[in-house]
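**Q** Turn this into a structure:
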Amino acid sequence: IVGCLLVGREIIMFFTMTYTGRVIADLTFSYRKKILQGLADADWKYFINSELGDMSISLTTFTNSSSAAVNQAIKTLTIILRTIVYLALIVFISGVFAALALLAGLSILFLLSGLVKLAKKHGDKQGGLLRQLSSQFTDIYASIKTIKVMGRERKISHDFSKNILRIKKAFKNIVLIREGISSLQRILELIFILLTLYIAVTFWNITIIEVGIIGALMSQIIMNVSKGQKMLVKLMEYDVYFWRTKALIEEIESSHENKKGRRLPKLKKSIRFENVNFSFPGKPILIDSNFEIPANKITVIFGPSGQGKTTITDMVSRLYMPDSGLIKLDGQNLNEMNIVKWRDMLGYVPQELAMINDSIYKNVAFGCDDISEEKAIRALKKSGCWEFVSQLAETIHTTIGENGMKLSGGQRQRISIARALATQPRLLVCDEPT
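**A** Numbering: from 1, shown residues only. Coordinates of the predicted model:
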């Protein structure tokens, strides 16, 4: 019976851990897919109120740690299963010793529960600091040229180092608690095993063979309880990442953009704003605005900074919707239009140029498979940058660096214009192109 139980245990463990590996891989993939799909469907306000660093570290590090948390939970359950098997073996020999073994294990859990809670506290703190560090690094890297030109490296580096130091302290505390639990567990294990064996030999007069068998089984039970507690400590460290990932997915999925429009847009006549009102929290931007943007003509909107020029372009592309009033496309409510088809008709040149660390061709195509190399070259010629691109050793296949750092500001802007022209848009939106 004992042999069958032990063999059965190992078979169960093998299939459990193999299955667990597949589950963890699927879970990590699922988390990342949900985040990416959610971001693709999220409305513009979500991006304005979110931190890039938070999303980046959640997509890479936190998803892995979330899966690790599930893995730790499954391992903890397998430890419990092993403990039950050993407990069943002791019950088969002596119910009294089984009760003592169970009491010893529960005592260890109770005595060290305070340290487990402390480990969770510092794990939460470390997770929050890592999110801050990621956001800080993203901001710094995006502004690195300004920082260097204005000589702010030392100040920025000092502030950055303070956050790194906080993470270091949190990690040291976690290690200290983890190792403290491990050492105390071993001491308590030894005390409970020796105490139980002393009682058995002194008061119950059992044989040496029985002492050896019971001692070995009790040792396994107490050791498995200790292992379970260690797993629990590790689980507490990963817990913050699991819940942050879940919260991020819920945040993204609750911010889906309204894409219910079904009408096919054409833009043959005009875009018209009728009594449009729009405001940001505490700041009105548009008040009863009425104007028309005719098709097939150049319309220039000018005025002081902060008066709503960019907001108007965002509303035309339906990143924002009016608080009241209507935006009409050829006399039809823009909200009733198929927003995906409408945006396919737009070309956009933003104030802040967006470049990816890839070739010039990839930056012109920008994820659009319909743009061939010939179309890209045609767009580059229209934007006035083919002259310098054609002189590069790899022409349109030249890599431009992170955010286009290998190019001048003017070159990046012309590539951005080429990107907007490459699809032959029905409406070209240029936000302060200079």
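**Q** where do the strands sit along this structure?
**A** Using DSSP state E, the strands of the chain run over 270-280, 283-294, 324-329, 332-333, 346-349, 427-430.
**Q** and the second one, which strands flank it?
**A** Put plainly, it is strand 283-294. Strand 283-294 has its sheet partners listed here by DSSP bridges as strand 270-280 (antiparallel).
**Q** and the strand it pairs with with strand 324-329, angle?
**A** Strand 270-280 runs at 150 degrees relative to strand 324-329, counting by axes from the mean of the first three to the mean of the last three C-alpha atoms, to 10 degrees.
**Q** so Asn275 sits right up against Ser289, yeah?
**A** Yes: with contact defined as C-beta atoms under 8 Å, Asn275 reaches Ser289; the gap is 7.4 Å. From N, CA and C alone the C-beta is placed, and that goes for glycine too.
**Q** Give me the helices and strands touching the top helix by length along the chain, please.
**A** Longest helix in the chain, counting residues (DSSP state H): helix 153-203. With contacts taken as 3 or more C-beta pairs under 8 Å, 6 or more residues apart in numbering; DSSP states H and E, helix 153-203 sits against helix 95-111, helix 113-142, helix 208-253.
**Q** Report the mean confidence score over the last one.
**A** If you average the pLDDT over helix 208-253, you get 72.
**Q** right, so the strands of the chain: which one is the most enclosed?
**A** Counting by mean count of other C-beta atoms under 10 Å, strand 346-349 has the highest mean neighbour count of those, with a mean of 19.
**Q** Next one: Met223 from Ala247, what distance?
**A** According to C-beta to C-beta, to the nearest Å, Met223 and Ala247 sit 36 Å apart.
**Q** Between those two, point out the one with more neighbours.
**A** Set Met223 next to Ala247 and count neighbours by other C-beta atoms under 10 Å: Met223 wins out with 19 against 11.
**Q** Touching, Ala42 and Ile252? I think so.
**A** Yes: the pair formed by Ala42 and Ile252 meets the contact definition of C-beta under 8 Å, at 5.5 Å.
**Q** Can you pick out the residue with more neighbours from the two?
**A** Ile252 (22 against 18).
**Q** who touches that one in this structure?
**A** Ile252 sits next to 34-35, 38-39, 42, 46 when contact means C-beta atoms under 8 Å, 6 or more residues apart in numbering.
**Q** what about 10 Å?
**A** Contacts of Ile252 were listed using C-beta atoms under 10 Å, 6 or more residues apart in numbering, and they are 34-42, 46, 50, 55, 58.
**Q** Same check on Phe278?
**A** Counted by C-beta under 10 Å, 6+ apart, Phe278 has contacts 284-287, 289, 308, 311-312, 314-315, 320-325.
**Q** Of the residues you listed, which one scores lowest on pLDDT?
**A** Of all these, Gly308 carries the smallest pLDDT score, 85.
**Q** quick revisit: so what's in contact with Ala42 and Ile252 at the same time?
**A** Taking C-beta under 10 Å, 6+ apart as the criterion, Ala42 and Ile252 both touch Ser50.
**Q** What is the neighbour count of Arg378?
**A** By other C-beta under 10 Å, the residues close to Arg378 number 18.
**Q** Does it touch Trp386 like I think?
**A** Yes: counting by C-beta atoms under 10 Å, Arg378 touches Trp386, with 8.9 Å between them.
**Q** what do the two both touch?
**A** Ala418.
**Q** Between Asn275 and Ser289, which contacts overlap?
**A** Once C-beta under 10 Å, 6+ apart is applied, the residues that Asn275 and Ser289 both contact turn out to be 322, 325.
**Q** From Lys362, how far off is Tyr19?
**A** 40 Å.
**Q** same check, this time on Lys34
**A** As for Lys34, its distance to Lys362 is 26 Å (criterion: C-beta to C-beta).
**Q** what number of residues lie near the residue nearest to Asp358 when sequence neighbours are not counted?
**A** For Asp358, ignoring the flanking residues on the chain, the nearest one in space by C-beta to C-beta, 6 or more residues apart in numbering is Thr399 at 6.3 Å. Neighbours of Thr399 under the rule other C-beta under 10 Å: 14.
**Q** Residues in a beta bridge with Thr399, which ones?
**A** Beta bridges link Thr399 to Ser359, judged by DSSP bridges.
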